[in-house]
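Participant: Need coordinates for the following:
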Amino acid sequence: MTTRRKFIKNSTLASVLALGGLPNFIQSAEAKKTISTVSKAIQKPVVLSTWQHGLAANDAAWKVLAQKGSALDAVEQGVRVSESDPEVTSVGYGGLPDRDGIVSLDACIMDENGNCGSVAFLQHIKNPISVARKVMEKTPHIMLAGDGALQFALSQGFKEENLLTEKSKQEWEKWKKTNNYTPLKFDKENHDTIGTIAIDEHNNLSGACTTSGLAWKYHGRVGDSPIIGAGLYVDNEVGAACATGKGEAVIKIVGSMLIVELMRNGKTPQQACEEAVKRMARKQSDHKDFQVGFLALNKNGETGAYSLQKGFQYALCVNGENKLIDSDYFVKS
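Facilitator: Numbers count the residues shown, from 1 in each chain. Prediction:
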């Protein structure tokens, strides 16, 4: 005898099969179950940032989150610390210049609603992340570049200033004497983009990514940091991810979006970061010659980190406790 419950169950299954088949139904159900499960052991808010200068970024972000502020405000305020610090020579003011001695900056930001803004090849503005947010909030566009980005920034009240500090200028002049104007090749040490991702008390995710790019690069070079999906991606139903390292390598696999999609399909943040790095290694034969690191954060507040090479560090702040952690890595020999 067919009960009403069995009839509904069978009807639902039949509908699923008609729409795409049992495998898709199983995958979707498992993914939704993983995403919707609330981890009671993990407390929110959570903020994590790339590299040692991520500690100071997390401190600033936590001040916002601790006051029940938004993840969007938190990540912006966090990375502004690195952008404004002349001792951080890979981000913002004090960033090492291109081979022509010009500091150019890239940044992007993304909120819980999928809104995003970006600037690329921006010069003379200390805090490109805030310009990127203005692009998101004040224009119908996502990315502005070069002189157009500068003119927009000035129209929004940002001040034009010299970003080349004396320290960075001396490093550039030293480089010119020994490198014959040849752009520096990527190695394991020379790219320390800051990416910050956070989840707030309201269970909303946001992220920010900002850099001065590869030192001594070709004038006009743009990496992954301002590219939504490569250097940063946020989906408030699933999670967020950001990248640091060789931008060209990250762009080739659309790294941050890849990680979020892996989480959507049931991977933990750690598993997703590891899979992205392994995919990069499979597809890029020179992967032992450069560094890339990923961070991930899911809707439950669980985190993940993984890199190609040894040496990638990230800062994690939960319950106001901010600590620097050594990431696991792929290339063991």
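Participant: how about the strands in this protein?
Facilitator: With DSSP state E as the criterion, the chain has strands at 46-50, 105-110, 116-122, 143-145, 194-199, 205-211, 232-235, 239-245, 292-298, 303-307, 313-318, 321-326.
Participant: Next, format those strands as a markdown table and append mean neighbour count and mean pLDDT.
Facilitator: In short, each C-beta sits where N, CA and C put it, glycine included. Formatted as a markdown table, the strands of the chain follow (neighbours: other CB atoms under 10 Å; pLDDT from 0 to 100):
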| stretch | mean neighbour count | mean pLDDT |
| --- | --- | --- |
| strand 46-50 | 30 | 98 |
| strand 105-110 | 32 | 98 |
| strand 116-122 | 26 | 98 |
| strand 143-145 | 20 | 98 |
| strand 194-199 | 32 | 98 |
| strand 205-211 | 31 | 98 |
| strand 232-235 | 28 | 98 |
| strand 239-245 | 32 | 97 |
| strand 292-298 | 30 | 98 |
| strand 303-307 | 25 | 98 |
| strand 313-318 | 22 | 98 |
| strand 321-326 | 13 | 98 |
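Participant: and of the ones you listed, who's closest to residue 158?
Facilitator: Each of the strands of the chain has some distance to residue 158 by CB to CB; the shortest is strand 116-122, at 9.8 Å.
Participant: ok, residues contacting stretch 86-94?
Facilitator: Applying CB atoms under 8 Å, 6 or more residues apart in numbering, the contact partners of stretch 86-94 are 53, 79, 82-85, 95-96, 105, 126-128, 161, 163, 165, 167-168, 171, 190-194, 210-212, 215.
Participant: rewinding a little: can you lay out the strands of the chain as TSV showing distance to residue 180?
Facilitator: Formatted as TSV, these follow (distance: least, CB to CB, whole Å):
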stretch	distance to residue 180
strand 46-50	32
strand 105-110	26
strand 116-122	24
strand 143-145	29
strand 194-199	31
strand 205-211	25
strand 232-235	35
strand 239-245	26
strand 292-298	28
strand 303-307	31
strand 313-318	33
strand 321-326	36
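Participant: Bridged to residue 118, which residues?
Facilitator: Going by DSSP bridges, residue 118 is paired in beta bridges with residue 108, residue 143.
Participant: Let's see which of the contacts of stretch 86-94 end up in helices.
Facilitator: Secondary-structure check on the contacts of stretch 86-94 using DSSP state H: residues within helices are 79, 82, 83, 84, 128, 167, 168, 171.
Participant: Just send those back as CSV, with distance to residue 113 and neighbour count too.
Facilitator: What follows is the ones in helices among the contacts of stretch 86-94, written out as CSV (distance: CB to CB, whole Å; neighbours: other CB atoms under 10 Å):
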residue, distance to residue 113, neighbour count
79, 20, 34
82, 25, 30
83, 24, 28
84, 27, 14
128, 22, 32
167, 40, 13
168, 37, 21
171, 41, 16
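Participant: Need phi/psi at the residue nearest to residue 65 when sequence neighbours are not counted.
Facilitator: In space, and not counting its chain neighbours, residue 65 is closest to residue 45: 4.0 Å by CB to CB, 6 or more residues apart in numbering. For residue 45, the backbone dihedrals are phi -70, psi 170 (criterion: degrees, to the nearest 10).
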